[in-house]
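K.L.:
Fold the following for me, if possible:
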Amino acid sequence: MTDGLMRLYGALGSPYSMKIRAILRYRRLPHLWVQMRMDSPNVFAKVKAPVIPVLEYADGTAMNDSTPLLYELEQRFPDHRSIVPTDEAQAFLAFLLEDMADEWATKLMFHHRWYLNRDQDQCSHWIIFDRMMGQGKAAVEATAKAFRDRQVGRMALVGCTPQNAPLIEETGRQIYALLNDQIPQIPFLFGTRPSLADFSWYGQLSQNAVDPTAADLMRDTAPYLFRWMLNIDDLSGWEGGEWQDPDLAPTPAAMGLLKLAGSVYFPFLQANEQAIARGEETFSFKALGHDYSQAVFKYQVKCLTALRQAYDALSAAAKAKVDPVATACGFLDALKTAPAA
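P.N.:
Have a look, this model is predicted:
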């Protein structure tokens, strides 16, 4: 590249692409957005796993996996509107909520996108249209059918089954309500300045805001959240903003999401971890009065390990702020508990 710009290779139907694009826009980091197409350059040759988004830096190197990527951007551009709270305890809680969005809210996205025929049909055609625009309607529709069949076939693998739908949908209702109630007064999870947690939740929920069934639900029950999506997509012009006073309790939405982490997300992570430690292929747990089961997933053991490591690395002063919140929300023991032998 000779223009000195980063290039973000992603897709409108990818929550992680939308997350990183919104971060780049808010941080005012010059870049080009490149919608991935069938004939796009093979940027996957520059990264370990063939998943989007891929951010190609101006020097030609590339990186994907949205969480390490956003922290790498913090290192490379420390003076460009950081999205990590300056308070150590707040930064940890933001990381926790960012992880929960990436690993649990994505189930809400996947469930609504591929559960009903109405959503399967529209979403498969839209996603393939983005990749094949200009290549003919017949080609788009044939490819969309194959893509739809593949994605529907993967639903059980990621836990999006009819049996798990009640828990997934109940967490969605609670998430919508928590955010919709807060954002007219306090626009972001940690004050009037957006954090990595806001962008991660935006990434997942941005798909709910365009997929038919989820969008109808959001418009009907969480209209401010729906509009928030359109705003956070490009916050390049958002001026000022402050992190909430770190000596105060978390904002209502942050606290509500942290309570959901204690009642749903950490039990999910621990059940998966324990099943893998026992050599089992599936795991189950119960939360909010609903049963949930799926195949084990090794990557989410890494997520739980990363959360524990981040907690262990906190200073005593930061733990003094985090521990009362974690206790009230029911996940302090999960942060301290090692895998079963």
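K.L.:
Does residue 318 touch residue 88 like I think?
P.N.:
Yes: between residue 318 and residue 88 there is a contact at 3.9 Å, judged by Cβ atoms under 8 Å. All C-beta spots, glycine's among them, are computed from the backbone N, C-alpha and C.
K.L.:
Only C-alpha atoms, please: export stretch 218-237 in PDB.
P.N.:
In PDB, the C-alpha atoms belonging to stretch 218-237 read as follows (Å, rounded to 0.1, in the frame of the first residue of the first chain):
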ATOM      1  CA  MET A 218     -36.200  -4.100  19.300                       C
ATOM      2  CA  ARG A 219     -38.300  -1.400  17.600                       C
ATOM      3  CA  ASP A 220     -41.400  -2.400  19.700                       C
ATOM      4  CA  THR A 221     -39.700  -2.900  23.100                       C
ATOM      5  CA  ALA A 222     -36.500  -0.900  23.000                       C
ATOM      6  CA  PRO A 223     -36.900   2.100  20.600                       C
ATOM      7  CA  TYR A 224     -34.100   4.100  22.200                       C
ATOM      8  CA  LEU A 225     -31.700   1.100  21.800                       C
ATOM      9  CA  PHE A 226     -32.700   0.800  18.200                       C
ATOM     10  CA  ARG A 227     -31.800   4.400  17.600                       C
ATOM     11  CA  TRP A 228     -28.600   4.100  19.700                       C
ATOM     12  CA  MET A 229     -27.400   1.600  17.100                       C
ATOM     13  CA  LEU A 230     -27.600   4.200  14.300                       C
ATOM     14  CA  ASN A 231     -25.700   6.700  16.400                       C
ATOM     15  CA  ILE A 232     -22.900   4.500  17.700                       C
ATOM     16  CA  ASP A 233     -22.100   3.200  14.200                       C
ATOM     17  CA  ASP A 234     -20.200   6.400  13.600                       C
ATOM     18  CA  LEU A 235     -19.200   8.400  16.700                       C
ATOM     19  CA  SER A 236     -16.400  10.200  14.900                       C
ATOM     20  CA  GLY A 237     -18.100  13.500  15.700                       C
END
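K.L.:
Please state the offset of it from the chain centre?
P.N.:
On the basis of Cα atoms, centre = their mean, to the nearest Å, stretch 218-237 sits 16 Å off its chain's mean C-alpha point.
K.L.:
Renumber starting at 37 from here on
P.N.:
With the count now opening at 37, the last piece we talked about shows up as stretch 254-273.
K.L.:
Please enumerate residues in contact with it?
P.N.:
Identification of contacts with stretch 254-273 by Cβ atoms under 8 Å, 6 or more residues apart in numbering yields 54, 57-58, 61-62, 64, 209, 212-213, 215-216, 219-220, 223, 230, 234-235, 238, 241-242, 244-245, 251.
K.L.:
Also stretch 295-306?
P.N.:
Applying Cβ under 8 Å, 6+ apart, the external contacts of stretch 295-306 come out as 132-133, 136, 139-140, 203, 207, 210-211, 321, 323-324, 328, 336-337, 339-340, 362, 364-367, 370, 373.
K.L.:
can you tell me which of those are in helices?
P.N.:
Per DSSP state H, helices hold the following members of the contacts of stretch 295-306: 132-133, 136, 203, 207, 210-211, 336-337, 339-340, 362, 364-365, 370.
K.L.:
If anything else comes up later, I'll come back, but that's it for now.
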